[in-house]
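Q: Structure of the sequence below:
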Amino acid sequence: MHDLIIVGAGPAGITASVYAARKRMNFLVITRDIGGQAALSYDIKNYIGYQFITGPALAQKFREHMEQFNVEVKEGESVTSISKEGNIVKVKTDKGEYTTKTAIIASGRVPRKLGVEGEEEFKNRGVTYCATCDAPLFADNEVAVIGGGNSALDAALQLIKIAKKIYLINIAPTLRADPIMVEKAKNSEKVVIYNSTKVEKIIGDTFAKGIKISREGKRDLTV
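A: Here you go, the predicted structure:
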């Protein structure tokens, strides 16, 4: 039985693992991947100690830091349940079961889905949740990015160098991302911003070809 199990290996989980290693605890890290959502970002300028670093490069630094402390990591495992029986915490994954005295949940967030018609049908066939991973697939094409926060703006800014045009679809009246990111998007001739706009449907045949949106009371507009 472990003293501690840490679920997740983003910045929070890795920080916890370093402290646990320094205290010589018997512990384990369980994670789907190293780096969390930070690993999916291209342009990171707000991580202390780095004026600029890419997400994949930062994730590699995380990995090297854990390796320095010989942290035991079960990478590629997803936690399915956590339960407590007396003083024992049981952590079940898709590959096994572990017991511990204490668990730290640092699993972070996953991309929020739209829940619209066509989203599941065209997943990985034009619908993607990782611009860092899949942006090259959209070279010289018109692309829609859904959202108005930092993740959406980060994706749009990555695509500026690759895509022909980017439609930024934001359900809110204004973009809520950091002002510096909003300014960059507005200054690009490639980015067209649709505020107060809702995605109604993703359309296509073999691959996604467009989206139907409702905007300012008008429905069934196609982008």
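Q: Give me the contact list for the strand or helix carrying Glu67.
A: Assessed by DSSP states H and E, Glu67 sits inside helix 55-68. Contact with helix 55-68 is made by 9, 11, 14, 17-18, 29, 33-35, 38-42, 44, 47, 50, 53, 73, 132, as judged by Cβ atoms under 8 Å, 6 or more residues apart in numbering. No exception for glycine: its C-beta is placed from N, CA and C like everyone else's.
Q: now it: mean pLDDT?
A: The pLDDT scores in helix 55-68 average 92.
Q: Now do the buried residues in that helix.
A: If you call a residue buried by 16 or more other Cβ atoms under 10 Å, then helix 55-68 has these buried ones: 55-56, 58-59, 61-63, 66.
Q: would a markdown table of those residues with distance to Ile104 be doable?
A: Below are these laid out as a markdown table (distance: Cβ to Cβ, whole Å):
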| residue | distance to Ile104 |
| --- | --- |
| Gly55 | 23 |
| Pro56 | 25 |
| Leu58 | 21 |
| Ala59 | 19 |
| Lys61 | 21 |
| Phe62 | 16 |
| Arg63 | 19 |
| Met66 | 15 |
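Q: Widest-spaced pair of the residues you listed?
A: Greatest spatial distance among the buried residues of helix 55-68 (Cβ to Cβ): Gly55 and Met66, at 16.8 Å.
Q: ok, back up a step: buried stuff in the next helix or strand after the helix holding Glu67?
A: Next helix or strand after helix 55-68 toward the C-terminus (DSSP H and E): strand 73-75. Going by neighbour count (16+ other Cβ under 10 Å), the buried part of strand 73-75 is 73-74.
Q: Which strands and helices lie in contact with strand 73-75?
A: strand 27-31 (3 or more Cβ pairs under 8 Å, 6 or more residues apart in numbering; DSSP states H and E).
Q: Return the member of the buried residues of helix 55-68 nearest to Lys165.
A: Gly55 (24.2 Å).
Q: Distance check, the closest one against Ile211.
A: Per Cβ to Cβ, to the nearest Å, Gly55 is found 26 Å from Ile211.
Q: now swap in Lys123 and tell me
A: Distance of Lys123 to Ile211, computed by Cβ to Cβ: 14 Å.
Q: again, but for Thr54
A: Separation of Thr54 from Ile211 (Cβ to Cβ): 29 Å.
Q: domain parsing for this protein?
A: 2-105, 131-222 (automatic domain parsing).
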